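[1] give the three-dimensional model of this entry:
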Amino acid sequence: MPEQVDAPAAAAVPAVPVTPRRRGRPRSGPRANPGLSTRDEILAAAASLFSSQGYTDTTTRQIADRVGIKQASLYYHFADKSQILRSLLKGTVAPSVQFADWLGTAGPDGGPVDPAVALAGLARYDLDGLLRDRWNLHVVYRLLDIAETEFAETRESQVALRAHYRALSVAVLRTQGVDPEALPDADLELVFGLVEGIISQRQWGDDGTRAAYADAVVRGCLRLVHVPEPQIAAAVAAGTDLAATFRAQHPQD
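    Numbers count the residues shown, from 1 in each chain. Got it, this is the predicted structure:
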C-alpha cells in the first residue's frame, strides 16, 4: 500500500481589521462644535437662528446647514422644528418655579423660609440660571413669533414665577410694616422686573462683571421691599445657601 502523503497546510490568511461602523449619518461638512453631541449642536444652531431671524422664518434645512449635517439627519434626532423648540424651552423657567415651591417647605419644621431670605434666594437662583443660559434661551422664548405659538407650558411657568415674586414681595413688605395694598399695583412687580432685566446685561464685560451686577440685583430686590440695610447681607447669604442646596439636590441638565 503506497504511503499516504499529508497535504500541505494552507497558508495562514492575515486577519483584516474590521473598522467599526460609526453611528448616525455622514456629515455634509466639518463639525462646527466638536465638543458637542450632534443633538446639542442642533439645539445650539437652532437657538442661534431663532434669536437672529425668528422662529417662523427658520427652517430645519437652515438648522441642518448650520450644523453641517443633511436635513434627513436632523430628523433622526427631532421629529420637526417645534420639537426642537420644545427641547430648548424646557427648563428655562420651570427650575426657578420648582425652587420657589421648594422654599415653601424648606424652613424650620418643614415650614416656609423667612420671606426676605426666600426672596433673596429666589432672585439668586433665577439670576444664576439666566447668566448660565448657554444658548440665550430666555431671549428666544420672548420672541414675538414664539409668543403666538402653542407653547403654553413655558408661558404658564413664567406666570407662576412672576406670581411667586409678587407673593414674596408682599410678604416682605408686611414684615416691614408696609401695607402692600396701599402701594400702586405695579410696584409689586418691580422685583420681578429687576431680576429679568439682567438678560439685557448678559453681554456686559466679563464673567466677574456680570456676577458682580447679579449680586447687586439681589441686594436691590431687598431694598425695593424695604428690608433695612443692616439686614440685607445676612438675608442674601442665607438665600444664596438655600439656592446652592437646592441646585445640589436638583441638578439641571
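[2] point to the helix or strand of the chain where mean pLDDT is at its lowest.
    In the chain, no helix or strand scores lower on mean pLDDT, DSSP states H and E than helix 144-147, which sits at a mean of 62.
[3] which helix or strand lies directly C-terminal to that one?
    Counting by DSSP states H and E, the next helix or strand C-terminal to helix 144-147 is helix 152-175.
[4] now that next one: buried residues?
    Residues of helix 152-175 classed as buried under the neighbour-count rule (16 or more other C-beta atoms under 10 Å) are 154-155, 157-158, 160-162, 164-173. Just so you know, the C-beta spots here come from the backbone N, C-alpha and C atoms, and that holds for glycine as well.
[5] got the contact list for residue 119?
    165, 168, 169, 172, 191, 221, 222, 225, 235, 239 (C-beta atoms under 8 Å, 6 or more residues apart in numbering).
[6] pull the number of nearby residues for residue 228.
    Counted with other C-beta atoms under 10 Å, residues neighbouring residue 228 total 11.
[7] what do you get for residue 224?
    By other C-beta under 10 Å, the residues close to residue 224 number 18.
[8] can you tell me how far residue 88 sits from residue 132?
    According to C-beta to C-beta, to the nearest Å, residue 88 and residue 132 sit 15 Å apart.
[9] of those two, give the one with the bigger neighbour count.
    Using other C-beta under 10 Å as the criterion, residue 88 and residue 132 rank with residue 88 on top: 22 against 8.
[10] next, the more buried one: secondary structure please.
    helix (DSSP: H, G, I helix; E, B strand; the rest coil).
[11] would you mind measuring from it to residue 235?
    Using C-beta to C-beta, residue 88 is found at 34 Å from residue 235.
[12] list the buried residues of stretch 38-52.
    Of the residues in stretch 38-52, 38, 41, 42, 43, 44, 45, 46, 47, 48, 49, 50, 51 count as buried by neighbour count, 16+ other C-beta under 10 Å.
[13] I meant to write stretch 52-62 there.
    Of all the residues in stretch 52-62, those buried under the rule 16+ other C-beta under 10 Å are 55, 58, 60, 62.
[14] which one is residue 189 nearest to, not counting chain neighbours?
    residue 166 (6.5 Å; C-beta to C-beta, 6 or more residues apart in numbering).
[15] returning to what we had before: sort out for me which of the buried residues of stretch 38-52 are in helices.
    Judged by DSSP state H, the buried residues of stretch 38-52 include 38, 41, 42, 43, 44, 45, 46, 47, 48, 49, 50, 51 as members of helices.
[16] and the residues you listed, which two are furthest apart?
    Greatest spacing in those, by C-beta to C-beta: 38 and 51 (20.7 Å).
[17] look up which helix or strand residue 216 falls in, please.
    helix 207-224.
[18] that helix - contacts with which helices or strands?
    Judged by 3 or more C-beta pairs under 8 Å, 6 or more residues apart in numbering; DSSP states H and E, the packing partners of helix 207-224 are helix 115-131, helix 190-196, helix 229-249.
[19] so which of those is the most packed in?
    Counting by mean count of other C-beta atoms under 10 Å, helix 115-131 has the highest mean neighbour count of the helices and strands packed on helix 207-224, with a mean of 25.
[20] ok and that one relative to helix 207-224, angle-wise?
    Orientation of helix 115-131 against helix 207-224 (axes from the mean of the first three to the mean of the last three C-alpha atoms, to 10 degrees) gives an angle of 150 degrees.
[21] from the chain's centroid, how far away is helix 115-131?
    Put simply, helix 115-131 sits 15 Å off its chain's centre (C-alpha atoms, centre = their mean, to the nearest Å).
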